[in-house]
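Participant: no sequence for this one, just the structure:
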């Protein structure tokens, strides 16, 4: 019996459906990816404070410095300007027992970053900014156990939470009016 | 052999001859669409990388603080500080206590010994490089912290970097959308 010869046929793979699926999958996967946009907050240690705030205009030279300081405590913010703590007893420059701004959430643990009243702190910073429009520097200190996220949120509130400064820093544009005290100085162990 | 069989064999032979005579076709793979996708991806990825000159890869379990700040990260030396340790140059050089404080044997008067040694070495190298390139050396350190990092640890790290001649600090944050 003669052996049946298999007919060799060229099979061409139809890649079109695969390409269609790929074409849909790539944008879907790219959209599903989570991108964390990084940013930075430039801070200065106390000894570089003078360099961080150049004063080149005569008007600025004549202005009395604000010396705004914010101390983050476990029970709230203590705000002082020009060495005088807000809310201190009469005749006293400081009253460490009472914070200037109390907690927004009483009894919340330190890891609850929303326990502080950032809105009130921002409102206070706006008030100071109206009085000292050329001031940009604020000194921030905290108690040892305060978490970094709280420090960052305090910096955000003092800078103004709607402050977008990237363009101004990059292109030499004017600093937006929403930006309050956007040059933080971190001071350790201040009181 | 019947005439039908003969006809069948003749037809078969014809088919075989036609098959042999047929020139071999080369299969062409249509890669135009694939190239389109790859081109789009390359442009997209290049754009992503171009907007972020510094790539920060957080250490395992690190939760970088969130912020409304939008200033871009400037060039500098990153130090990863978490509640479990301090990592520099991909090496964990300082360990923390379970409470999140720096191991007391590694810190003295706010100076973190192992970190200072590593930074001093890095500063020497960076200064030499800047000298060769006739560029001024600006010591900027990028502190990649953790949400729960204690302020006391942050101050110790800043003090140590300051002693190692770094004068500019950036806190790395994740931009809130």
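Facilitator: Great, that's in hand. Nothing here was measured: the structure is a model prediction, and the numbers come from that model.
Participant: ranges for the strands of chain B?
Facilitator: Assignment of strands within chain B using DSSP state E yields the ranges B:66-67, B:77-81, B:85-88, B:91-95, B:107-108, B:111-112, B:140-144, B:168-175.
Participant: Need the phi and psi values for residue A:140.
Facilitator: The phi and psi values for residue A:140, taken as degrees, to the nearest 10, are phi -120, psi 130.
Participant: ok, so what distance separates it from chain B?
Facilitator: With distances taken as Cβ to the nearest Cβ, to the nearest Å, residue A:140 is found 10 Å from chain B. (C-beta placed from N, C-alpha, C; glycine too.)
Participant: How about residue A:99?
Facilitator: Here the criterion is Cβ to the nearest Cβ. By it, residue A:99 lies 16 Å from chain B.
Participant: The residue nearest the centre of chain A in helix, strand or coil?
Facilitator: For chain A, the residue nearest the mean C-alpha position is residue A:156 (3.9 Å; Cα atoms, centre = their mean). At residue A:156, secondary structure determined by DSSP: H, G, I helix; E, B strand; the rest coil is helix.
Participant: if we can go back for a sec, for the strands of chain B, which one sits closest to chain A?
Facilitator: strand B:168-175 (4.0 Å; Cβ to the nearest Cβ).
Participant: Output the strands of chain B as CSV; include the columns distance to chain A, mean pLDDT and mean neighbour count.
Facilitator: As requested, the strands of chain B are arranged in CSV below (distance: least, Cβ to the nearest Cβ, whole Å; pLDDT from 0 to 100; neighbours: other Cβ atoms under 10 Å in any protein chain shown):
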stretch, distance to chain A, mean pLDDT, mean neighbour count
strand B:66-67, 5, 94, 21
strand B:77-81, 9, 93, 22
strand B:85-88, 14, 92, 20
strand B:91-95, 16, 91, 16
strand B:107-108, 13, 89, 15
strand B:111-112, 13, 92, 20
strand B:140-144, 7, 92, 22
strand B:168-175, 4, 92, 23
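Participant: As CSV, those with distance to residue A:70 would be great.
Facilitator: Shown next, in CSV, are the strands of chain B (distance: least, Cβ to Cβ, whole Å):
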stretch, distance to residue A:70
strand B:66-67, 16
strand B:77-81, 22
strand B:85-88, 27
strand B:91-95, 29
strand B:107-108, 26
strand B:111-112, 26
strand B:140-144, 19
strand B:168-175, 16
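Participant: From what I see, residue A:150 and residue A:142 are in contact.
Facilitator: Yes - contact between residue A:150 and residue A:142 holds when scored by Cβ atoms under 8 Å: they sit 7.5 Å apart.
Participant: who has more neighbours, the two?
Facilitator: It is residue A:142, of residue A:150 and residue A:142, that has more neighbours when counted by other Cβ atoms under 10 Å in any protein chain shown, with 27 against 24.
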